[in-house]
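Peer 1: 3D model of this:
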Amino acid sequence: MKIEEFNSGSYLQQNEYKSFSPTEINQQWIWEDAKINTLLAEANRKLGALDTFAMQVPDIDIFIEMHIAKEAAKSSKIEGTQTEIEEALKKESDIAPERKDDWQEVHNYIEAVNSSISKLETLPLSTRLLKDAHRILMKGVKGQNRNPGEFRTSQNWIGGATLKDAIFIPPVHTEINELMSDLENFLHNDQIDVPVLIRAGIAHYQFETIHPFLDGNGRIGRLLIILYLVSTNLLTKPSLYLSDYFERHRQLYYDNLNNVRVKNDLAQWIKFFLVGIIETSDKGINTFKAILKLNEQIEDKKLIKLGKKLPTAKSLLKYLFRRSVVTALDVQDELRVSLPTANTILADFERLGILKEKTGWKRNREFEFTEYLNLFKDNK
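Peer 2: You can find the predicted model right below:
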């Protein structure tokens, strides 16, 4: 199939509406657009540089946890959830009651990412794995009664209050199993010569078009990208997260996906997707460099002043790189020290300018590793 000649599908008349039936994607893909070749080469180069750099970072898994927290917050934000990364790092007991639903959605996504990445060690990327991730995603939140972990058996739609004024109506539920089987086969088909990043971009479009679940399709579709890049060994660690790029260009993200269905413009979607890989890889490398520099500055110029407390201080710093908003009780539990010792080391870190106390209270105080946290904020 030539990308420039792609016909995205057709509309099928149902009782009172028309659903979109997408063209299957498990086939050879070719293209004439030279810009795709240029962007693809650059995206592969940048992604390779990110993966190489990530593997040179000591204790990389510690820093990956913050990347996952950011991805969870950003991916959920696209769907309307308002939890920011610093709030996502707090324990549930520290979250205001009116914020707990949003917090839970973000934490479900974190759990879904971690669980899925772990399962890739023994399972192929499959509809079974995506269903397991969806079951985790919907646990205890507003979508928990909408068939978690199962493909839908009724019609859904995007935009509008009802089917009558919907912006887009995905395929009827009886098509889902066949379409998802085609998508899965496309990802694993070694008889066709289609680059991994082109497959990832096409697969994400197709998943969002099928919209196989009643809720949570956006988040699972974005998780699919991460899982595929790790499963193909294009990434050794899950260090690339596109949700920040999609969230910053949210309208373009939706428009480019929809223009494939409306205008058959698959080429533009792929170019937008590849630019996202390039920009996000660059940001990832810059973030890792900044983390290493920050760690070196703190260890060499600040912690050294703590003398005999240095081993405890290094343990706390390592913990802060995983979770940059903490309380004295958190430190007590993590470092297995007494509460007075936890309070003392936190006071040392505050005095050295490593931590900032955020509440202004005398009790239940929260300390933030602000300089580190800012590395994951919306720096353009």
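
Peer 1: Now whichever strand or helix holds Pro311: buried residues?
Peer 2: Counting by DSSP states H and E, the element that carries Pro311 is helix 310-322. By neighbour count with 16 or more other CB atoms under 10 Å, helix 310-322 contains the buried residues 312-313, 315-317, 319-322. In short, each C-beta sits where N, CA and C put it, glycine included.

Peer 1: residue nearest the centroid of this structure?
Peer 2: Glu71 (3.6 Å; CA atoms, centre = their mean).

Peer 1: Verify the contact between that residue and Asn114 for me.
Peer 2: No - the pair Glu71 / Asn114 is not scored as a contact, 11.2 Å apart, by CB atoms under 8 Å.

Peer 1: The closest residue to Arg261 other than its chain neighbours: neighbouring residues, count only.
Peer 2: Using CB to CB, 6 or more residues apart in numbering and skipping the chain neighbours, the partner closest in space to Arg261 is Ser8 (5.1 Å). Ser8: 19 surrounding residues under other CB atoms under 10 Å.

Peer 1: Give the burial count for Ala69, as a bare number.
Peer 2: Around Ala69 there are 23 other residues, counting by other CB under 10 Å.

Peer 1: related to what we said a few turns ago, going by distance to Ile220, which of the buried residues of helix 310-322 wins?
Peer 2: For those, the closest approach to Ile220 (CB to CB) belongs to Arg322, at 25.3 Å.

Peer 1: isn't that closest one right up against Ile64?
Peer 2: No - between Arg322 and Ile64 there is no contact under CB under 8 Å: 9.4 Å.

Peer 1: Work out the gap between the least confident helix or strand in the chain by mean pLDDT and the centre of the chain.
Peer 2: Least confident helix or strand of the chain, by mean pLDDT, DSSP states H and E, is helix 85-88 with a mean of 82. Put simply, helix 85-88 sits 14 Å off its chain's centre (CA atoms, centre = their mean, to the nearest Å).

Peer 1: Tabulate the CA atom coordinates of the next helix or strand after it in PDB.
Peer 2: Sequence-wise, the next helix or strand downstream of helix 85-88 (DSSP H and E) is helix 100-119. Extracted in PDB, the C-alpha atoms of helix 100-119 (Å, rounded to 0.1, in the frame of the first residue of the first chain):
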ATOM      1  CA  LYS A 100      -8.400  11.800  44.800                       C
ATOM      2  CA  ASP A 101     -10.300  10.600  41.600                       C
ATOM      3  CA  ASP A 102      -7.800  12.400  39.300                       C
ATOM      4  CA  TRP A 103      -4.900  11.200  41.400                       C
ATOM      5  CA  GLN A 104      -6.100   7.600  41.200                       C
ATOM      6  CA  GLU A 105      -6.400   7.800  37.400                       C
ATOM      7  CA  VAL A 106      -2.800   9.000  37.100                       C
ATOM      8  CA  HIS A 107      -1.600   6.300  39.500                       C
ATOM      9  CA  ASN A 108      -3.500   3.600  37.600                       C
ATOM     10  CA  TYR A 109      -1.700   4.700  34.500                       C
ATOM     11  CA  ILE A 110       1.700   4.500  36.300                       C
ATOM     12  CA  GLU A 111       0.800   1.000  37.500                       C
ATOM     13  CA  ALA A 112      -0.400   0.000  33.900                       C
ATOM     14  CA  VAL A 113       2.900   1.200  32.400                       C
ATOM     15  CA  ASN A 114       5.100  -0.700  35.000                       C
ATOM     16  CA  SER A 115       3.000  -3.800  34.800                       C
ATOM     17  CA  SER A 116       3.000  -3.900  31.000                       C
ATOM     18  CA  ILE A 117       6.700  -3.300  30.700                       C
ATOM     19  CA  SER A 118       7.400  -6.100  33.100                       C
ATOM     20  CA  LYS A 119       5.100  -8.500  31.200                       C
END
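
Peer 1: Quick check: buried residues in helix 100-119?
Peer 2: Buried residues in helix 100-119, counted by 16+ other CB under 10 Å: 102-114, 116-117, 119.
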